[in-house]
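Visitor: Next one to model:
(one chain, ligands or ions: 1)
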Amino acid sequence: MARFTILMYHQVTLPESEAEVKYACPPARFARHMRYLRRHHPVVTLAAAQRHLDGDGALPDNAVVVTFDDGFRNNYTDALPILRRYEIPATLFLTVGLVGETNRWMAGGDFPERPMVTWDEVREMVAAGVEIGGHTLTHPRLTELPVAAADAEVAGARQVIEAEIEAPVTSFAYPYGLFDNRVAEAVATAGYRRACTTRPGFNRPGIDPLRLRRIEVFGTDAVWRLAQKIRFGCNTSGVTRPLRYYWGRLRARV
Ligand SMILES: [Zn+2]
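Guide: Numbering: from 1, shown residues only. Down below sits the predicted model:
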C-alpha cells in the first residue's frame, strides 16, 4: 500500500553544546542526507502528500517529506542552499512570535542562544519553493494552556504568516509534539488542514491528517541510519533493527 514518510529536522549547523548534538545536523552531513533522498526517494511537499491522503492516487510510492521545526536562521543560511542544490522541497514550521529574534523559549538549559529567521528570509525561502507552516506564536506546551490561550497561539500564528507571505497556510506542527483532541480541534478550527506530531511511523491513506506521523532525524545520524529510519519508520536504528523487523513480519505471517 502506498505510504509516505515525514522527516523532522531542527537546525542545520555545527552543534555548540552537548544538548544540541541531537538537534543540529552539520551542513556537510545534511548535504549527504539530501543527496541520498534525491537519489532514492521521490521528495514531495506536505501539501502534495495531503492530496494523496485526500484520495488522489498521484503520490509516488515511498515518498518522503522534509520538515524543519522552529524556524532557526541556519535553515536559511545553511539548509536552503543545500535544498536548492538537490532540488528538495521542504516545509518550515515557524515559531511566529520569535521571527527575527532568538530561541528564547529554550533559554535556561544547555542550549546556546541562536538567531531565528527574519521575515525577509522567510519570503525568500517561499520564493525558493519552501512551504511555511505554523508552530504557534511562542512555542508553548499547548496541552497545558487554557483553551482561549491555546486557540490564540494556534490561530494567531496562521494569521501572521499569511499576512507576511501573502499565501495560504495549511500546515501545522505541535510544539514538543504535544497535542490532545482539544488542541487538534483548535488547529482545524484555525483553518489548518494538517498537523505533524512527533509520533514515529508511516503515513498511509486513512490516517487522520491532524495526527501525521514523523520520524526524527538526529544530527548524529549517518546516511545509513537515515535510510534505516525511512525503511522501518522509526526513530531508533541499529544493526539489529532489520533482524527484529523481519522476525516480526515472519511471526505475523505464521
Ligand atoms: Zn518546536
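Visitor: Look up how far Ala149 lies from the residue nearest the centre of the chain.
Guide: By C-alpha atoms, centre = their mean, the chain has its centre lying nearest to Thr67, at 3.1 Å. Thr67 is 25 Å from Ala149, where distance means C-beta to C-beta, to the nearest Å. Every C-beta, even on glycine, is put in place using the N, C-alpha and C of the backbone.
Visitor: cool, Asp120 as well?
Guide: For Asp120 relative to Ala149 (C-beta to C-beta), the value is 30 Å.
Visitor: ranges for the strands of this protein?
Guide: For the chain, applying DSSP state E gives strands covering 4-9, 11-12, 24-25, 63-70, 91-94, 131-134, 171-173, 194-196, 215-216.
Visitor: The longest one near the ion at all?
Guide: Yes. Between strand 63-70 and the ion, judged by C-beta under 5 Å from the ion, the touching residues are Asp69, Asp70.
Visitor: for the stretch 101-250 of the chain, what are the low-confidence residue spans?
Guide: 237-247, 250 (pLDDT under 70).
Visitor: Contacts only, for the closest residue to the ion within the stretch 101-250 of the chain.
Guide: Closest residue of the stretch 101-250 of the chain to the ion, C-beta to the ion: Pro175 (4.7 Å). Contacts for Pro175 (C-beta atoms under 8 Å, 6 or more residues apart in numbering) come out as Thr95, His135, Thr136, His139, Pro140, Arg141, Leu142.
Visitor: near the ion, which residues of the protein?
Guide: Checking the chain against the ion by C-beta under 5 Å from the ion, the hits are Asp69, Asp70, Pro175.
Visitor: now the second one: how far from Arg85?
Guide: So that's Asp70. 23 Å.
Visitor: between the two, who's got more neighbours?
Guide: Asp70 (24 against 12; other C-beta atoms under 10 Å).
Visitor: count of neighbours near the nearest residue to the more buried one once chain neighbours are set aside?
Guide: Of all residues not flanking Asp70 in the chain, Thr95 sits nearest, at 5.4 Å (C-beta to C-beta, 6 or more residues apart in numbering). Per other C-beta under 10 Å, the neighbour tally for Thr95 reads 26.
Visitor: now Ala195
Guide: Neighbour count for Ala195, taken as other C-beta under 10 Å: 24.
Visitor: Contact partners for it?
Guide: The neighbours of Ala195, taking C-beta under 8 Å, 6+ apart as the test, are Ser171, Phe172, Ala173, Tyr174, Phe179, Ala184, Val187, Pro209, Leu210, Arg211, Leu212.
Visitor: How about it: which residues does it bridge to?
Guide: Phe172 (DSSP bridges).
Visitor: Could you do Gly134 as well?
Guide: Leu94, Phe172.
Visitor: can you pull out the helices in the stretch 151-254 of the chain?
Guide: Remark: helices assigned in the stretch 151-254 of the chain by DSSP state H, counting those that start in this stretch are 181-189, 223-232, 241-253.
Visitor: sorry, back to before: excluding sequence neighbours, find me the nearest residue to the residue nearest to the centre of the chain.
Guide: Of all residues not flanking Thr67 in the chain, Thr91 sits nearest, at 4.6 Å (C-beta to C-beta, 6+ apart).
Visitor: Hmm, Phe172 and that neighbour touching each other?
Guide: No. With contact defined as C-beta atoms under 8 Å, Thr91 does not reach Phe172; the gap is 10.3 Å.
Visitor: Identify the contacts common to the two.
Guide: Common neighbours of Thr91 and Phe172 are listed as Gly133 (criterion: C-beta under 8 Å, 6+ apart).
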